[in-house]
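Enquirer: With the input below, show me the fold.
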Amino acid sequence: MMRPDGQVDVTVTIADDRWASLDAALSDRLPPLVEAACAVAGGPPGAAEVSLVLGDDAMVRRLNQDYRGQDKPTNVLSFALSEGDSPPPLPGTPVMLGDVVIAYERVVDEAEAAERSPLVHLCHLVVHGVLHLLGYDHQNDADALAMERLETDILAGFGIPDPYGLPASRIQ
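Expert: This next block holds a predicted model:
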């Protein structure tokens, strides 16, 4: 998806082979979600770059410990490369938004518990992680509601049901 004012270059790194069991075409399926999140949520003008890393619990646990001081895995971690008063990129260069890292085991376990497909849950976490890169959070009820509404709107554009509503079956 091209944004009117630029495009998003998305690099997908599959660091755990089990991800292929969800969809052999993840590297093609996920970038449009990132692009849509940037378009809907007010990403930077001009070109941008995002890295998605599909890892496992061990990888995410290590990152969570190293960068957040929490010795446990989590479903998604977002590492924004430019926050607050960071200098603007050089003219003509893309804005490097950052990295989104997702844990395979968390996605599968949470999807099962929520009675939705792991692929649907992964799509939700990709959008959620990108919104964090764009400065959204859920530290209070108002911010959480705003973020959930954006997630729901973005996912609906891909035919994915509201992740905060009824369980989703499968995306085709």
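
Enquirer: Could you use CA atoms for every contact and neighbour count after this?
Expert: OK.

Enquirer: ranges for the strands of the chain?
Expert: For the chain, the strands defined by DSSP state E occupy 8-14, 48-55, 76-80, 95-103.

Enquirer: Name the stretch among these that sits most buried.
Expert: strand 95-103 (a mean of 23; mean count of other Cα atoms under 10 Å).

Enquirer: picking up where we left off before, export the strands of the chain as CSV, with columns for distance to residue 126 and mean pLDDT.
Expert: Shown next, in CSV, are those (distance: least, Cα to Cα, whole Å; pLDDT from 0 to 100):
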stretch, distance to residue 126, mean pLDDT
strand 8-14, 11, 95
strand 48-55, 8, 96
strand 76-80, 8, 95
strand 95-103, 7, 95
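
Enquirer: Output those in a markdown table, with distance to residue 25 appended to each entry.
Expert: As requested, the strands of the chain are exported to a markdown table (distance: least, Cα to Cα, whole Å):
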| stretch | distance to residue 25 |
| --- | --- |
| strand 8-14 | 11 |
| strand 48-55 | 13 |
| strand 76-80 | 20 |
| strand 95-103 | 17 |
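
Enquirer: Next one: the residue nearest to residue 82 when sequence neighbours are not counted relative to residue 69, how far apart?
Expert: Once flanking residues are discounted, residue 82 sits nearest to residue 97: 6.4 Å by Cα to Cα, 6 or more residues apart in numbering. Residue 97 is 23 Å from residue 69, where distance means Cα to Cα, to the nearest Å.

Enquirer: ditto for residue 25
Expert: For residue 25 relative to residue 69 (Cα to Cα), the value is 34 Å.

Enquirer: Next: residue 12.
Expert: 26 Å.

Enquirer: do the same with residue 114
Expert: Taking Cα to Cα, one finds residue 114 at 28 Å from residue 69.
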